[in-house]
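**Q** below: sequence and its predicted model.
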Amino acid sequence: MKDFQNHIDAVNDPRAQQKLAKYYEDNPSITASIKNAEVMPWVREIEERLVRTQNSDFLDSAWFAANKSKLLSDVNEILQKLCFEVELIKKNKLYYSAIYSLSGPATKGIALYQSDALDVSLIVVSKTELQLEKKARKGVRGITILENTMHMFTVKGSGTMEKYCLDEPIDNDQSVPDMFQGRKQEFQYRPGDLISIHGGYDGLTYKSCEINSLFLCVTPKVNSRIVRPQYDVDSGKLLACIASDSLAPRIQMVTILLREFGVTNSAEIIKPLLEHKNPYVRWHVARELYFTDKEGAREVFEMLANDKSPVLREGAQECLKEIYGEETCHM
């Protein structure tokens, strides 16, 4: 309680406020420094190219090989900035470090930069934590197929990874396969190696870590898959299908709230979303239109019965059959 009161006193102290403002003015966050191209200028260059072309093919092994020395230099600079941020936290109890942490079963990391087009992060794999995670693991072991391509540049360390590669990519307009059909690749990594996990195709696991490892991860977010399927490593069966972003759940929540609060013309508000590229959004909207106007929704389901997504076509045809009678179903 005493520490809390001391913190409140510091917050209300004009001198502490001025000192804190000076801290932020003189020490911009890592993300702000990257955004202003003061460090890692190549991040903004990549981002602008991704926005302009909507294509990430230029980020290949040749690009990373050509920029290897620059990447290593930039990572060292970032690590120095991180150490400095820790010192700032120690010196000023009000200082808040704008660092977003990342955590996985056997990994830890920080997000350096995040935007609609690109994510850049540092990921650490600990030999000890990986061993503990494997010992504690019980039951089904799964592999997740990533929604975006991720390039992992090995800064330090060595170990062995397993990459699971689908024969055919996940298609946003197709149903996710019930069984994993593909191959497994096992390979070793060491400093300077590039590991690329292709979105919609690949999933990755860490088999072993001989030396604690540090990776610079660059993830272009173009042509993203809308789901991340998880498969049982042993049986190959589909375990789960997770939305890769919060868009569809947010749309679903908003449409429900519009209906529950009786918003006038809510149907007209959400109808344009029937043209949305995400099939799950189109389905949520059709569902809400049904709850709003059962007879009026018949036309919507008839439209979705010819949707480009076979999943939506099947669902719409089933609704036409069960709700409106089999004679209205154009199968």
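**A** Structure's in. What do you need?

**Q** in this structure, which residue is closest to the centre?
**A** With distances taken as CA atoms, centre = their mean, residue 244 lies nearest the centre of the chain, 6.2 Å away.

**Q** from residue 243, how far out is the spatially closest residue to it that is not a sequence neighbour?
**A** Of all residues not flanking residue 244 in the chain, residue 147 sits nearest, at 3.7 Å (CB to CB, 6 or more residues apart in numbering). For every residue, glycine as well, the C-beta is placed using N, CA and C. Per CB to CB, to the nearest Å, residue 147 is found 9 Å from residue 243.

**Q** name the residues contacting each of those two.
**A** Common contact partners of residue 147 and residue 243 (CB atoms under 8 Å, 6 or more residues apart in numbering): 226-228.

**Q** circling back: SS state for the residue nearest to residue 244?
**A** coil (DSSP: H, G, I helix; E, B strand; the rest coil).

**Q** please list all residues in contact with residue 112.
**A** Contacts of residue 112 (CB under 8 Å, 6+ apart): 30-31, 34, 40, 43, 78, 120-122.

**Q** show me which of residue 147 and residue 243 is the more surrounded one.
**A** residue 147 (23 against 14; other CB atoms under 10 Å).

**Q** now for the more buried one: which residues touch it?
**A** Contact analysis of residue 147 by CB under 8 Å, 6+ apart lists 199-200, 224-228, 244.

**Q** what about it? Give its phi and psi, please.
**A** phi -80, psi -20 (degrees, to the nearest 10).

**Q** try the one 3 residues further on
**A** Taking degrees, to the nearest 10, you get phi -130, psi 130 for the backbone angles of residue 150.

**Q** how about it, what does it touch?
**A** 196-197, 199, 217-219.

**Q** over to residue 205?
**A** Counting by CB under 8 Å, 6+ apart, residue 205 has contacts 143, 161-162, 164, 233.

**Q** could you identify the most distant pair in those?
**A** The distance between the two most remote of those (CB to CB) is 13.8 Å, for 161 and 233.

**Q** what's the pLDDT at residue 329?
**A** As predicted, residue 329 sits at a pLDDT of 49.

**Q** all further residue positions should be reported with the first residue as 85.
**A** With the count now opening at 85, the last piece we talked about shows up as residue 413.

**Q** so what's the gap between stretch 400-413 and the chain middle?
**A** 37 Å (CA atoms, centre = their mean, to the nearest Å).

**Q** in that stretch, what's buried?
**A** 400-401, 403-404, 408, 413 (16 or more other CB atoms under 10 Å).

**Q** which one of those is nearest residue 377?
**A** Looking across those and measuring by CB to CB, the closest to residue 377 is residue 408, at 13.1 Å.

**Q** and the helix or strand hosting residue 386, what does it pack onto?
**A** Element membership of residue 386 [criterion: DSSP states H and E] is helix 381-388. Contacts defined by 3 or more CB pairs under 8 Å, 6 or more residues apart in numbering; DSSP states H and E place helix 381-388 against helix 363-376, helix 394-408.

**Q** okay, and the beta partners of residue 295?
**A** Beta bridges link residue 295 to residue 242, judged by DSSP bridges.

**Q** that one touches residue 243, doesn't it?
**A** Yes: counting by CB atoms under 8 Å, residue 243 is a contact partner of residue 295 at 7.2 Å.

**Q** so which of these two has more stuff around it?
**A** Between residue 295 and residue 243, counted using other CB under 10 Å, residue 243 has the larger neighbour count: 19 against 12.

**Q** isn't the more buried one up against residue 209?
**A** Yes: Residue 243 is in contact with residue 209 according to CB under 8 Å; the separation is 6.8 Å.

**Q** overlap of the contact sets of these two?
**A** Counting by CB under 8 Å, 6+ apart, the common neighbours of residue 243 and residue 209 are 290, 293, 297.

**Q** remind me which residues of the stretch 85-234 of the chain are low pLDDT?
**A** By pLDDT under 70, the low-scoring segments of the stretch 85-234 of the chain are 85-97, 100-101, 104, 107-108, 176-181.

**Q** no more questions from me, cheers.
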